[in-house]
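[1] Provided below are the primary sequence and the corresponding predicted coordinates.
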Amino acid sequence: MRPDHEREYKRWKKQADLDLDDAEYSALGKRYHLACFLSQQAAEKAVKAWLYLQGHPFVWGHSVAELMDDSSESDEAFSTLKEKGAFLDRFYIPTRYPNGLPGGIPSESFSKRDADEALKTAREIIDFVSLKASKKSTDS
């Protein structure tokens, strides 16, 4: 594993962890729309961290499901989480923009149950990335 790949992994993974922490904090404050969005962001950044660790020089896109597809090229196990990524992708736009919803505003449209499920899913993806990265570093 090249040091620059590991450095970029660590940067993105650290921000993923902090985003998840912010999502948990938002949920405690009943800002469920923000908790859902930040959960999506945390998972996105964790998967991007994995791709940087694999040596990808540029990682583009915001869809966790599509990033899972990209990640499965280096480790097929990532394909098992594509559906969970797609679940989180539903929170990318409508949690932030009133015109992403048929009516109302994001802060009135997402529930504690939504936030709890988003947090659980993001945590699962982040833990999976951490496990894969730690295995990779011990294999190197």
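    All right, it came through fine. Keep in mind it's a predicted model, so treat the numbers as computed, not measured.
[2] does Lys84 really touch Asp127, like I thought?
    No - Lys84 is beyond contact range of Asp127, at 11.7 Å (criterion: CB atoms under 8 Å). The C-beta positions use only the backbone N, C-alpha and C, and glycine is treated the same way.
[3] show me which of the two is the more surrounded one.
    Lys84 (19 against 11; other CB atoms under 10 Å).
[4] all the helices of this structure, residue numbers only.
    Under the criterion DSSP state H, the chain contains helices at 3-28, 32-53, 64-72, 82-89, 106-109, 112-139.
[5] pick the most deeply packed of those helices.
    Neighbour counts (mean count of other CB atoms under 10 Å) averaged over each of the helices of the chain peak at helix 32-53, with a mean of 27.
[6] which elements pack onto it?
    The contact analysis (3 or more CB pairs under 8 Å, 6 or more residues apart in numbering; DSSP states H and E) places helix 32-53 against helix 3-28, helix 64-72, helix 82-89, helix 106-109, helix 112-139.
[7] can you list residues touching both of Lys84 and Asp127?
    With contacts defined as CB atoms under 8 Å, 6 or more residues apart in numbering, no residue is shared by Lys84 and Asp127.
[8] where does this structure dip in pLDDT?
    Scanning the chain for pLDDT under 70 picks out 1, 140.
[9] and the spatially most central residue of it, how far is that from Gln15?
    Centroid check for the chain by CA atoms, centre = their mean gives Ala43 as the closest residue, at 0.9 Å. Here Ala43 is placed at a distance of 12 Å from Gln15 (CB to CB, to the nearest Å).
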